[in-house]
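# need coordinates for the following:
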Amino acid sequence: MGTKVYNLKKLEEIAHGNQGFIRDMLVTFVENVSDDIVGIQSCKSIENWTAIAETAHKLASNFAYLGATKLQTLAVDIEKSVLIERNLTGVAEKTDKLCNDGILLVNQLKKDFCFMCDN
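Predicted coordinates:
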């Protein structure tokens, strides 16, 4: 089995042992990130880099709570490149990587926590 791309330590600290809270946060994360990735892909197809940067900003916070540091760094880099540096070089490729790795994270969380399992 592969290495996990997330670490729930920060989320567990915030939850103070409340497993229901952690599960609710993970479900919300999976739903929101999935929607945000679809949105980013749509924006990329029309080259709306500002909207991508704004969504990357939002995702960076979500990735931070999950200890997904590589994804967090990538999201911040996209935001910085577009909004601060105004440099689009490599942003399309970074956006693809963010989406692909974000989908892998969502799928790993679904598998690890059995979000879609029948009880």
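# just for the protein, where's the confidence low?
1-2, 115-119 (pLDDT under 70).
# all helices for it, in order.
9-15, 19-45, 49-65, 69-79, 91-113 (DSSP state H).
# buried sites along the second one?
Residues Ile22, Met25, Leu26, Phe29, Val30, Val33, Asp36, Ile37, Gly39, Ile40, Cys43, Lys44 are the ones in helix 19-45 that count as buried (16 or more other C-beta atoms under 10 Å). All C-beta spots, glycine's among them, are computed from the backbone N, C-alpha and C.
# the shortest one now?
When neighbours are counted by 16+ other C-beta under 10 Å, the buried residues of helix 9-15 are found to be Leu11, Ala15.
# who's in contact with that helix?
Phe21, Ile22, Met25, Leu26, Ala64, Tyr65, Leu66, Gly67 (C-beta atoms under 8 Å, 6 or more residues apart in numbering).
# distance to Lys10 for the residues you listed - can I get that in TSV?
Below are the contacts of helix 9-15 laid out as TSV (distance: C-beta to C-beta, whole Å):
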residue	distance to Lys10
Phe21	13
Ile22	11
Met25	11
Leu26	13
Ala64	7
Tyr65	6
Leu66	8
Gly67	6
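# just give me the closest of those to Ile103.
Leu66 (14.2 Å; C-beta to C-beta).
# residues contacting the closest residue in space to that closest one that isn't next to it in sequence?
Spatially, and ignoring its direct neighbours in sequence, Leu66 is nearest to Tyr6 (4.5 Å; C-beta to C-beta, 6 or more residues apart in numbering). Shown in contact with Tyr6 (C-beta under 8 Å, 6+ apart): Leu66, Gly67, Ala68, Leu105, Gln108, Leu109.
# out of these, which end up buried?
Listed as buried from the contacts of Tyr6 are Leu66, Gly67, Ala68, Leu105, Gln108, Leu109; burial here means 16+ other C-beta under 10 Å.
# could I get the residues you listed as CSV with distance to Leu59?
Putting the buried ones among the contacts of Tyr6 into CSV (distance: C-beta to C-beta, whole Å) gives the following:
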residue, distance to Leu59
Leu66, 11
Gly67, 14
Ala68, 9
Leu105, 10
Gln108, 16
Leu109, 14
